[in-house]
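*Asks:* Generate a structure from the sequence data that follows.
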Amino acid sequence: MSGKVRLHFSMSLDGFVADADNGMDWLAHTTAGSDLAKSYEESTGAILGGRKGWEEYPDPAMAYSGQFVGKLFVLTHHPEDAPQAEGVTFLTCDVAEAVKIGLEAADGKDLVVLSPTIGRQLLERGLVDEIALHIAPVILGHGLRFFDNPGGAPIHLHRLDTDDPHSEVDVRYRPVRETD
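*Replies:* Numbers count the residues shown, from 1 in each chain. Below is the predicted model of the structure:
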């Protein structure tokens, strides 16, 4: 069995995966389903991230709340000055080669990509098998977008959790008021 290449993100309703300072403190106000998180932990054999995310969160134990057991790769142009950590491999290759390395290391499980910049490049090259998004009940207004490609062609998707792969997702929220 061959693993998938999966982009996996929590994002704000307006499409940001990190705030303007590359932080994700806004996620502290959300809750993740434990059964869902456990299924991702079990199916993931390797993680591929980028340098910005690594510098913000340079602790492999943070992956999937410390429950991840697998290989962790960080793709960077300058590994020599990156914060080092045990169990982390720094790669300086093309994103397609990084995916090949990550899938081999995942040993039949999935390679999860936690970098929107790397994810965009992989989407453009047709190297993504699945996108898993968790929409947090927050509007950030600015920050690091899940997908940012001004002037690029749209990338059409098929939903995986329904009989109609072209259907929209219905999400309904209300703003929190001071009285809540």
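
*Asks:* Pull the worst-scoring helix or strand of the chain on mean pLDDT out as PDB, backbone CA atoms only.
*Replies:* Ranked by mean pLDDT, DSSP states H and E, the helix or strand of the chain with the weakest confidence is helix 34-43, at a mean of 79. Extracted as PDB, the C-alpha positions of helix 34-43 are listed here (Å, rounded to 0.1, in the frame of the first residue of the first chain):
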ATOM      1  CA  SER A  34      -9.900  13.600  19.300                       C
ATOM      2  CA  ASP A  35     -11.100  10.800  17.100                       C
ATOM      3  CA  LEU A  36     -10.300  12.700  14.000                       C
ATOM      4  CA  ALA A  37      -6.800  13.700  15.300                       C
ATOM      5  CA  LYS A  38      -6.100  10.100  16.300                       C
ATOM      6  CA  SER A  39      -6.900   8.900  12.800                       C
ATOM      7  CA  TYR A  40      -4.500  11.400  11.300                       C
ATOM      8  CA  GLU A  41      -1.800  10.400  13.800                       C
ATOM      9  CA  GLU A  42      -2.200   6.800  12.900                       C
ATOM     10  CA  SER A  43      -2.200   7.300   9.100                       C
END
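
*Asks:* buried sites along that helix?
*Replies:* With burial defined by 16 or more other C-beta atoms under 10 Å, the residues of helix 34-43 counted as buried are Tyr40, Glu41. Where you see a C-beta, it was placed from the backbone N, CA and C, and this is true even at glycine.

*Asks:* got the buried residues for the very next helix or strand once past it?
*Replies:* Next along the chain after helix 34-43, taking DSSP states H and E as the criterion, comes strand 44-50. For strand 44-50, the neighbour count (16+ other C-beta under 10 Å) marks Thr44, Gly45, Ala46, Ile47, Leu48, Gly49, Gly50 as buried.

*Asks:* hmm, which two among those are most spread apart?
*Replies:* Gly45 and Gly50 (19.0 Å; C-beta to C-beta).

*Asks:* any chance you could map the helices in this protein?
*Replies:* 34-43, 51-56, 95-106, 116-124 (DSSP state H).

*Asks:* Nearest to Ala85 among these would be which one?
*Replies:* Once the helices of the chain are compared by C-beta to C-beta, helix 51-56 is nearest, at 8.7 Å.
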